[in-house]
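Participant: Mind folding the following:
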Amino acid sequence: MRDQDRSGSLIDPRAVVSPEARLAPDVRVGPFAVIGPHVTVGPGTEIGPHVIVRGPTRIGAGNRIFPFCAIGDEPQDKKYHGEETVLEIGDGNTIREYTTINRGTVQGGGVTRLGDDNWIMAYVHVAHDCILGSHTILANAVALAGHVAVDDWAILSASAKVHQFCRIGAHAFVGHDCGIVQDVPPYVMVAVRGAGEPPRPYGINSEGLGRRGFTPEVIARIKEAYRVLYRENLRLEEAVAALEPRRAETPELGCLVDFLRGTTRGIVRGP
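Facilitator: Numbering: from 1, shown residues only. Sure, this is the predicted structure:
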């Protein structure tokens with residue numbers, strides 16, 4: 001990787017690129033984009049017109065960042081007073097128009113991080129100290145408050161909103177307009193029946209699991225685990241105790257049990 005300059009034909013002459021930014025030789029930068037100091041961009045990444053990238057920010061390889069995104073700006077947190085915090089973006093992510101992704105805060109560990117192959121649609125906001133895994137989908141106008149975690153393969157539908165410090169488990173599916181104020185366990189689908197109502201669990205994301213190669217037998221066992229968690233009127237600790245022995249036979253249940261043990265906000269429950 002080398003310091004990029006205006007001699008590279010892949011940088012539009014109307015873009016503003018700090019001499020302290022480090023761009024791989026094949027990075028494309030569109031007109032009127034602004035790339036500040038302390039920004040590193042990996043090979044094959046494309047930064048569209050009018051995108052603003054501020055550092056310290058590290059962007060990996062093969063990402064596509066569409067017009068009018070604001071990447072790596074200061075966190076929207078009154079506790080932030082100019083400390084050097086970081087945004088890290090992995091490889092192969094698609095970040096659509098008007099998305100905003102903020103750097104971390106010292107209080108939250110100092111980093112906001114996105115993994116690989118995430119699909120971030122238009123008008124999404126990813127706040128400070130959020131941690132996204134890989135292969136997630138955040139549909140249009142999803143808003144993540146600070147310190148939110150979204151695990152691998154989770155899907156958040158349009159206009160879903162997630163309260164700070166909540167976690168969305170792996171392979172979970174959050175319906176449109178949901179206001180999430182508690183954790184959503186792995187594999188679980190949640191949705192709202194009407195405007196202003198709290199989200200409720202509606203089974204597991206079996207369609208998504210099938211697409212990702214989960215066998216019918218494993219999906220059936222995950223469904224049975226859902227029944228234990230949500231249909232047997234057990235307290236959370238009782239459900240965890242009932243599910244713990246099953247992870248030996250079905251390793252896929254391990255992430256569910258570990259998630260339930262680690263929750264600090266409780267989980268989304270039914271009526």
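
Participant: Can you give me the buried ones in the longest helix along the chain?
Facilitator: The helix that spans the most residues within the chain, counting by DSSP state H, is helix 216-231. Using 16 or more other C-beta atoms under 10 Å as the test for burial, helix 216-231 gives 219, 221, 222, 225, 226, 229, 230. Where C-beta positions appear, they are placed from N, C-alpha and C, glycine not excepted.

Participant: My understanding was that the second one contacts residue 250; is that so?
Facilitator: So that's residue 221. Yes. Between residue 221 and residue 250 a contact is recorded at 4.6 Å, counting by C-beta atoms under 8 Å.

Participant: list the buried ones in the helix or strand following the longest helix of the chain?
Facilitator: Next helix or strand after helix 216-231 toward the C-terminus (DSSP states H and E): helix 236-243. By 16+ other C-beta under 10 Å, the buried positions in helix 236-243 come out as 239, 240, 243.

Participant: try stretch 61-77
Facilitator: 61-63, 65-73, 75, 77.

Participant: Straight-line length of it, end to end?
Facilitator: Counting by C-alpha to C-alpha, to the nearest Å, you get 29 Å between the two ends of stretch 61-77.

Participant: Stretch 53-68 too?
Facilitator: Terminal residues of stretch 53-68 lie 10 Å apart, using C-alpha to C-alpha.

Participant: just stretch 186-195 next, same as before
Facilitator: Using C-alpha to C-alpha, the two ends of stretch 186-195 sit 25 Å apart.

Participant: And for stretch 119-135?
Facilitator: This stretch, stretch 119-135, spans 7 Å end to end (C-alpha to C-alpha).

Participant: now that stretch, how far from the chain's geometric center?
Facilitator: Remark: stretch 119-135 is offset 4 Å from the chain centroid, using C-alpha atoms, centre = their mean, to the nearest Å.

Participant: quick one, domains of this structure?
Facilitator: For the chain, automatic domain parsing gives the domain ranges 2-147, 208-262.

Participant: model confidence over the shortest one, on average?
Facilitator: This points to domain 208-262. The pLDDT scores in domain 208-262 average 96.

Participant: what about the helices in the stretch 151-271 of the chain?
Facilitator: Counting by DSSP state H, counting those that start in this stretch, the segments of the stretch 151-271 of the chain that form helices are 206-211, 216-231, 236-243, 254-262.

Participant: what's the answer for the stretch 1-150 of the chain, then?
Facilitator: So, for the stretch 1-150 of the chain - with DSSP H, counting those that start in this stretch - there are no helices.

Participant: Show me where it dips below the pLDDT cut-off.
Facilitator: Scanning the stretch 1-150 of the chain for pLDDT under 70 picks out 1-9.

Participant: Disregarding residues adjacent in the polypeptide, which is nearest to residue 242?
Facilitator: Using C-beta to C-beta, 6 or more residues apart in numbering and skipping residues adjacent in sequence, the residue nearest residue 242 is residue 228, 5.3 Å away.

Participant: Can you name the residues that contact the one you found?
Facilitator: Counting by C-beta atoms under 8 Å, 6 or more residues apart in numbering, residue 228 touches 234, 239, 242, 243.

Participant: wouldn't residue 30 be in contact with residue 50 here?
Facilitator: Yes. Shown here, residue 30 and residue 50 form a contact pair, counting by C-beta under 8 Å, at 7.4 Å.

Participant: Could you name every residue contacting both of the two?
Facilitator: residue 67.

Participant: got the contact list for residue 156?
Facilitator: Here residue 156 is in contact with 136, 137, 138, 139, 142, 150, 162, 168, 174 (C-beta under 8 Å, 6+ apart).

Participant: one more time with 6 Å
Facilitator: Residues counted as contacts of residue 156 (C-beta atoms under 6 Å, 6 or more residues apart in numbering) are 138, 142, 174.

Participant: what is the last one paired to in the beta sheet?
Facilitator: Under the criterion DSSP bridges, residue 174 forms beta bridges with residue 156, residue 190.
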